[in-house]
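Novice: Need coordinates for the following:
(4 chains)
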Protein chains: 2
Amino acid sequence: MRIGEKPEIARLPLFREMDEAQREEVFSASYLQVFPPQLTLFEAGQQADFLHVLVDGLVELYVGGAGRDTTMRIVEPVSSYILAAVVTDMPYLMSARTLASSRILLVPAVHLREAMNRDEGLMEATMREMALGYRDLVRALTDLKSRQSAERLGNHLLEYSTRLGGEWEFELKGEKRVLASLLGMTPENLSRAFGALKQHGVSVAGAKVRIEDKEALAAFSRPDPVPPDRF
Amino acid sequence: MRIGEKPEIARLPLFREMDEAQREEVFSASYLQVFPPQLTLFEAGQQADFLHVLVDGLVELYVGGAGRDTTMRIVEPVSSYILAAVVTDMPYLMSARTLASSRILLVPAVHLREAMNRDEGLMEATMREMALGYRDLVRALTDLKSRQSAERLGNHLLEYSTRLGGEWEFELKGEKRVLASLLGMTPENLSRAFGALKQHGVSVAGAKVRIEDKEALAAFSRPDPVPPDRF
DNA sequence: TCTGTAATTTGACGGAGATCAAAGTGCTTG
DNA sequence: CAAGCACTTTGATCTCCGTCAAATTACAGA
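Specialist: Model prediction:
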């Protein structure tokens, strides 16, 4: 893959501070590949041979807990995923599948780890990325433990909205069943949660969501006092 | 603090690969302090001025979610905590309190971050530590989302047991109410969960737990197919 | 040792959310 | 444009777990 092809990748926090030559070398060993929707990219337990960078499309990370799968993250472009498995050289903890036709840059784990040892900036960026990911999960865990379902949905909508730069009207990516699993509830209950939020400044039509009263929604959802690290 | 005082600290994965001189410098800027039980060490939202290393005692990390606190981790010696806030130079996401009289090494965040930029080994160890912590949280999150309370307790006991090197009889650290909060349930329900596990090879007397039938407990608790990264 | 306080346990009850079933809606495909 | 299928929504019921209350046990201080 040539670097000029996707300057957006090079602008990711993970690769931004990299030495130019190193980046060129890592990227030239990587390949960009297109996958159809609903394809399993890898499964939990497999050795982590590649860091993935989603360039275009939509990817779901999930864990297959006995009975039912539980969604851990919905990856939107452009972002990398499964970094922790790659840096520790351990088996994936999560499985991944495409939710839409997706273009993914596959970066060989070996090359990335080698580049890290040569490139101070890359290692620091990786460390920071891991730390931010850790903090995201701390939030997700407390969210699940201390809020009920409609509040979780409310907070999710608020955060998604501000991540979009403050758009109070937007479309949900992917199916609602996946969102339900991400938020730790059933599709039926997600539907009811949306219903409950109608009383608190949210209107929904299909995948289109409008936050009509941000204050009311925030009052109901009780967002964290410490704001998220990144949007 | 003199390094000779606690070789155990220097043997932590985080500090093990450090350059000797760097370690000496960082440790000499740190101080070992004794805290009484039930003392708040820091609160979520505060700037992360110190990395903590618990040398002796017991510490609880928790998040104060509106109504009730929820325990995120019970820290046993010798281990460090709150690394992610320190490396990102962001506010603590969790609060910390001592559960018992504790000796804690306070490492100034500034010194640690500076040492990281000079010491390749330290940075790599930090990166690895963060990655392992991330994976721990992925497990905790799926655990909470896909298992019910008695199963969570069963898995916790199994993991704790193997972390102790396979001791099938051990004492629980701290109060049961804290364990309950860590596992995402009420004290009442923890009690009932212990009751339920009696049918699956676990006997309890006060804080003393005995796993009498590991196979039966594992069959009931449905542990992860991918074993934990570290014990 | 005794006593008071806190932690744990046990029981009864209620509620949030899961499950099951069925109807409704939207999307894809011929 | 119509048919078929999957996703979403709605309703009814059940289950797990939280809440409230009370009894019991453990523990610290006098």
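Novice: For A:Gly121, which non-adjacent residue is closest in space?
Specialist: Of all residues not flanking A:Gly121 in the chain, A:Glu17 sits nearest, at 3.6 Å (C-beta to C-beta, 6 or more residues apart in numbering or on different chains). (Each C-beta comes from the backbone N, C-alpha and C, glycine too.)
Novice: actually A:Thr40, not the one I typed
Specialist: Spatially, and ignoring its direct neighbours in sequence, A:Thr40 is nearest to A:Arg97 (4.9 Å; C-beta to C-beta, 6+ apart).
Novice: Please save the CA atoms from the helix or strand the one you found falls within in CSV.
Specialist: Using DSSP states H and E, A:Arg97 falls within strand A:95-98. This file holds the C-alpha atoms of strand A:95-98, laid out as CSV (Å, rounded to 0.1, in the frame of the first residue of the first chain):
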residue,chain,number,x,y,z
SER,A,95,-14.0,-11.6,17.4
ALA,A,96,-14.7,-9.2,14.6
ARG,A,97,-17.1,-9.1,11.7
THR,A,98,-18.0,-6.5,9.1
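Novice: sorry, back to before: ok, now which ones touch the residue nearest to A:Thr40?
Specialist: If a contact means C-beta atoms under 8 Å, 6 or more residues apart in numbering or on different chains, then A:Arg97 has A:38-41, A:59-60, A:62 as its contacts.
Novice: Now do the domain split for chain A, please.
Specialist: Chain A breaks down into these domains under automatic domain parsing: A:3-141, A:147-221.
Novice: Relative to B:Met123, which of these is closest?
Specialist: Among the domains of chain A, the nearest to B:Met123 by C-beta to C-beta is domain A:3-141 (5.6 Å).
Novice: is any part of that closest one close to DNA strand D?
Specialist: No - shown here: domain A:3-141 not in contact with DNA strand D (C-beta under 7 Å from any atom of the strand), separated by at least 8.4 Å.
Novice: Figure out how far that domain is from the centre of its chain.
Specialist: How far domain A:3-141 lies from its chain's middle: 10 Å, per C-alpha atoms, centre = their mean, to the nearest Å.
Novice: Just list the residues touching A:Leu14, thanks.
Specialist: With contacts defined as C-beta under 8 Å, 6+ apart, A:Leu14 is in contact with A:80, A:83, A:122, A:125-126, A:129.
Novice: Show me the strands in chain A, by range?
Specialist: Secondary structure of chain A (DSSP state E): strands at A:31-35, A:40-42, A:50-56, A:59-65, A:68-75, A:79-81, A:95-98, A:102-108, A:169-171, A:202-205, A:208-211.
Novice: out of the domains of chain A, deepest packed?
Specialist: Mean neighbour count (mean count of other C-beta atoms under 10 Å in any protein chain shown) peaks for domain A:3-141 among the domains of chain A, with a mean of 18.
Novice: Could you dump the strands of chain A into CSV with mean pLDDT added?
Specialist: Formatted as CSV, the strands of chain A follow (pLDDT from 0 to 100):
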stretch, mean pLDDT
strand A:31-35, 94
strand A:40-42, 97
strand A:50-56, 96
strand A:59-65, 93
strand A:68-75, 96
strand A:79-81, 97
strand A:95-98, 97
strand A:102-108, 96
strand A:169-171, 96
strand A:202-205, 95
strand A:208-211, 96
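Novice: Tell me which of these lies nearest to B:Gly133.
Specialist: Nearest to B:Gly133, of the strands of chain A and by C-beta to C-beta, is strand A:68-75 at 15.7 Å.
Novice: what would the domains of chain A look like in a markdown table with distance to B:Gln46?
Specialist: Formatted as a markdown table, the domains of chain A follow (distance: least, C-beta to C-beta, whole Å):
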| stretch | distance to B:Gln46 |
| --- | --- |
| domain A:3-141 | 15 |
| domain A:147-221 | 23 |
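Novice: out of the ones you listed, nearest to DNA strand C?
Specialist: domain A:147-221 (2.9 Å; C-beta to the nearest atom of the strand).
Novice: if we can go back for a sec, B:Val26: which of the domains of chain A is closest?
Specialist: The nearest among these, by C-beta to C-beta, is domain A:3-141 at 16.6 Å.
Novice: Nearest to B:Thr142, out of the strands of chain A?
Specialist: strand A:59-65 (4.5 Å).
Novice: Alright, I will stop here.
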